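Visitor: sequence first, predicted model second:
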Amino acid sequence: MSLISATGLTVKYGTQKVLNKIDMSVAPGEIVTIVGPNGSGKTTLLRALLGLTPAKGKVQKKPGLVIGYVPQKLALDPTLPLPVRSFLNLPRSHTPQQIAEMLDRVGVPGIETRQVADLSGGQLQRVLLARALLERPDILILDEPTQGLDQMGEAGFYRLIEDVRQASGVAVLMVSHDLHVVMSASDRVICLNGHVCCEGKPHVVQNAPEYRALFGYGTQGALALYQHAHDHNHDHGCDHDHDHVHNAVTRKDDIEHAG
């Protein structure tokens, strides 16, 4: 059973259709990444799944589903005194031990008394992740969680996400622009451009014509470097015969024509 799914999800802003008949789902323990060009509706899709943006179609959630949400950025008044410990106790209180253990788990131990406004971008993203994980979610939903981080920071954050999934079994649905890292961090990639262009395993989507039409070949080198270092974590069940790539890609247009 899917943790969360969408059927025929459509969103309009005025007369402009931002999302058109999106069908997608996330299974327990799965890491699914949504990629697409600017303006393709990635954040809108997350917000529609969360119920924050009005949409037509159907969103189904597993009964009792707990969602941990990590936003793209946090709008806080920099003059507002807000220690990390106080921030992590919103909206629900946790014990000092729970907070300390979670901060250690996400790689920023001992910063409970630091002001949130004084944290670096990487530290803030890990604190936001800690806050989401303290709720013991079934699924993490992350909206471009590494925006503003350098390449090493991006790779480190995504490896942390993989470690968290491995340790807790939490599912992950994330939007990202970091294509070379995404391809190694994900079980499945959904390529979005107002509709689902294609979806499948990362190496399959990377070679799909629809993906190439949007992103070209520019990420190949970085992808190869990252995968070389982490092949032992990401090759389970993957078919590397690129002659069969076209058979493995789910194309929205093909499905519609067949129907």
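Guide: Arrived safely. Numbers count the residues shown, from 1 in each chain.

Visitor: which residues of the protein score low on pLDDT?
Guide: For the chain, the stretches flagged by pLDDT under 70 are 179-183, 217-259.

Visitor: ok, which stretches of it are strands?
Guide: Secondary structure of the chain (DSSP state E): strands located at 4-13, 16-26, 31-35, 56-61, 67-70, 139-143, 171-175, 188-192, 196-200, 250-251.

Visitor: could you dump the ones you listed to a markdown table with mean neighbour count and distance to Leu149?
Guide: C-beta coordinates here come from the backbone N, C-alpha and C atoms, glycine included. Shown next, in a markdown table, are the strands of the chain (neighbours: other Cβ atoms under 10 Å; distance: least, Cβ to Cβ, whole Å):
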| stretch | mean neighbour count | distance to Leu149 |
| --- | --- | --- |
| strand 4-13 | 17 | 26 |
| strand 16-26 | 18 | 24 |
| strand 31-35 | 24 | 16 |
| strand 56-61 | 14 | 30 |
| strand 67-70 | 20 | 13 |
| strand 139-143 | 23 | 13 |
| strand 171-175 | 25 | 14 |
| strand 188-192 | 24 | 20 |
| strand 196-200 | 23 | 26 |
| strand 250-251 | 18 | 31 |
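
Visitor: looking at the ones you listed, which is nearest to Arg131?
Guide: strand 67-70 (8.1 Å; Cβ to Cβ).

Visitor: follow-up on the earlier one: now the strands of the chain in CSV, with distance to Ser120?
Guide: Putting the strands of the chain into CSV (distance: least, Cβ to Cβ, whole Å) gives the following:
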stretch, distance to Ser120
strand 4-13, 32
strand 16-26, 30
strand 31-35, 24
strand 56-61, 34
strand 67-70, 16
strand 139-143, 18
strand 171-175, 21
strand 188-192, 29
strand 196-200, 34
strand 250-251, 39
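
Visitor: for Glu112, which of the ones you listed is the nearest?
Guide: Comparing those against Glu112 with Cβ to Cβ, the closest turns out to be strand 67-70 (19.3 Å).

Visitor: run the chain-centre distance for that closest one.
Guide: Relative to its parent chain, strand 67-70 has a centroid offset of 10 Å by Cα atoms, centre = their mean, to the nearest Å.

Visitor: and it, what does it pack against?
Guide: helix 121-133, strand 139-143 (3 or more Cβ pairs under 8 Å, 6 or more residues apart in numbering; DSSP states H and E).

Visitor: partner strands of that strand and their direction?
Guide: Strand pairing for strand 67-70, using DSSP bridges, gives strand 139-143 (parallel).

Visitor: other residues contacting the partner strand?
Guide: The contact list for strand 139-143 (Cβ atoms under 8 Å, 6 or more residues apart in numbering) reads 3-4, 26, 42-43, 46, 49-50, 65-72, 129, 132-133, 161, 164, 170-175.

Visitor: closest to Leu82 out of the strands of the chain?
Guide: Nearest to Leu82, of these and by Cβ to Cβ, is strand 67-70 at 17.5 Å.

Visitor: test my guess that Val175 contacts Val32.
Guide: No: Val175 lies out of contact with Val32 (Cβ atoms under 8 Å); the separation is 10.2 Å.

Visitor: I'd say Ala132 and Leu88 touch.
Guide: No: the pair Ala132 / Leu88 is not scored as a contact, 10.2 Å apart, by Cβ under 8 Å.
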